[in-house]
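Enquirer: no sequence on hand, only this structure:
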């Protein structure tokens, strides 16, 4: 999180300094290790980041006071690494196909969803001799789905990437990777990224993009573009959201959250964020 000013603790009288008081050279010569959160009674250390948009931000793994407006929940690198490894193990093309399939499932009509379930039952019956008498779904595939769409929705490929609507998530999913499906309810911009609340069947979950997302070089083209979602939300409600990530439990609120690590692993109305940003310009 970007912080506009910092408390400088060098002498017995701490002072507040702004970004205009700091340069890269001055930070490393005088200020490094002596900058703290400007909130009274908060002792979280800060660092200075230079660049086109210089700012102060929280020193890695430091925590803010409970009542500090700059506070946020840290997740350790050890907890993040297994999730990233799991998603890297599922090749990029498969993840993109899964996002396409999830969008199709999320936006299909009740008739189409019922028909797809019937097709799945028929496929199970064909594999199980004890259930071969069940033939109620024959011929439905060609009338409601083109052959390629039906094949994508039904075919299983490699390691299982489970698709879950928001209403299907519970505490048993904590720590697991899945593909989330729902609709954007609201968005709260957080400097480079945002928190997105996703709703489905009267249940919602917060989608978060943490420091690991911000620091990954492959996500650079997605930073500072989340306001495009806010603009789209002002024009129309019920925007489909699909994303691959990990279910978490917030240590403060105990509520479920969904962490996404790669910009290519989530879509808004089946568009990558940078494509949406171009469209909303």
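Expert: Yep, that arrived. Please read all numbers here as calculations on a predicted model, not as lab measurements. Numbering: from 1, shown residues only.
Enquirer: now residue 59. Nearest residue, chain neighbours left out?
Expert: Using C-beta to C-beta, 6 or more residues apart in numbering and skipping the chain neighbours, the partner closest in space to residue 59 is residue 45 (3.8 Å). Yep, even glycine has a C-beta here, placed from its N, CA and C like the rest.
Enquirer: was I right about residue 17 contacting residue 10?
Expert: No. At 10.3 Å, residue 17 does not count as touching residue 10 under the criterion of C-beta atoms under 8 Å.
Enquirer: more neighbours, the two?
Expert: Remark: of residue 17 and residue 10, residue 17 carries more neighbours, 17 against 12, as counted by other C-beta atoms under 10 Å.
Enquirer: is it true that the residue nearest to residue 59 touches residue 32?
Expert: No. Applying C-beta under 8 Å, one finds residue 45 not in contact with residue 32, separated by 10.2 Å.
Enquirer: give me the more crowded residue out of those two.
Expert: When neighbours are counted by other C-beta under 10 Å, residue 45 comes out ahead of the other of residue 45 and residue 32, with 16 against 11.
Enquirer: now do that one against residue 195, distance only.
Expert: 24 Å (C-beta to C-beta, to the nearest Å).
Enquirer: then residue 265?
Expert: Taking C-beta to C-beta as the measure, residue 265 falls 17 Å from residue 195.
Enquirer: average model confidence for stretch 49-67?
Expert: Taken as a whole, stretch 49-67 has an average pLDDT of 77.
Enquirer: pull out the buried residues from that stretch.
Expert: For stretch 49-67, a neighbour-count test (16 or more other C-beta atoms under 10 Å) marks 55-58, 64 as buried.
Enquirer: what about those residues, which are in helices?
Expert: For the buried residues of stretch 49-67, not one is inside helices, with DSSP state H as the criterion.
Enquirer: residues touching residue 247, list them.
Expert: Going by C-beta atoms under 8 Å, 6 or more residues apart in numbering, residue 247 touches 169, 173-176, 178, 256-258.
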